[in-house]
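Visitor: Below is the sequence, then the predicted model.
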Amino acid sequence: MALLKILQYPDKRLHTVAKPIATVDEEIRRLAADMAETMYAAPGVGLAATQVDRHIRLIVIDVSEEKNRLLTLINPVILERDGEIVHEEGCLSVPGIYENVTRAEHIKARAQDSVGQTFEFEAEGLLAICVQHEVDHLDGKVFVEYLSRLKQDRIRSKLVKQQRETM
Ligand code: NI
């Protein structure tokens, strides 16, 4: 396994729309394993392939305390959304920034697992938020885009400055 490099906002590649995965093969499983290792090491609760510059519809999530409930979602689709929840979100591609975002509180979704089997599931609270956040990444959307233009501009200049200093 290997740790992957995570793209940092405002990298334009984060706005790429990811392509569906036609076949769930060994290469996809290896990428999913590397993404999980990268997510746990960061540490984070979710990572989309977009964030490691692979523009295919694959995400890994683990919102459990014990970090033992890895969820690998291939070609995830949110079928239903209801309710509303406001929660402070962060993102491995936007380090050090935490802002409130309004999401659906409850979702129903469909995806394929790491052997290509299609399944449906319901989620609420933190898991529902996380699935919505990661599916947004696959659509080229970063959570800061839900914030005001002014806040987005401030976040962008702060991160550009940080990245310049650590180069
Ligand atoms: Ni993120």
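Guide: Received it, and whenever you're ready, just let me know what you need.

Visitor: ok, now which ones touch the nearest residue to Ala48 once chain neighbours are set aside?
Guide: For Ala48, ignoring the flanking residues on the chain, the nearest one in space by Cβ to Cβ, 6 or more residues apart in numbering is His137 at 3.4 Å. For every residue, glycine as well, the C-beta is placed using N, CA and C. Shown in contact with His137 (Cβ atoms under 8 Å, 6 or more residues apart in numbering): 14, 18, 48, 50-51, 59, 93.

Visitor: What distance separates the opening and closing residues of stretch 58-71?
Guide: From its first residue to its last, stretch 58-71 covers 11 Å (Cα to Cα, to the nearest Å).

Visitor: just how off-centre is it within its chain?
Guide: Computed by Cα atoms, centre = their mean, to the nearest Å, the chain-centroid distance of stretch 58-71 equals 12 Å.

Visitor: And that stretch, what's buried?
Guide: For stretch 58-71, burial by neighbour count (16 or more other Cβ atoms under 10 Å) applies to 58-63, 71.

Visitor: quick one: average confidence on stretch 23-35?
Guide: When pLDDT is averaged along stretch 23-35, the result is 98.

Visitor: Spatially nearest residue to Val160 (excluding sequence neighbours)?
Guide: Residue nearest to Val160 in three dimensions, not counting chain neighbours: Pro10, with 6.9 Å by Cβ to Cβ, 6+ apart.

Visitor: Could you list the low-pLDDT ranges of the chain?
Guide: Across the chain, the ranges flagged by pLDDT under 70 are 167.

Visitor: For Gln152, give its distance to Val142.
Guide: If you measure Gln152 against Val142 using Cβ to Cβ, to the nearest Å, the figure is 9 Å.

Visitor: Ignore what I typed, I meant Val17.
Guide: From Val17 across to Val142, the span is 13 Å (Cβ to Cβ).
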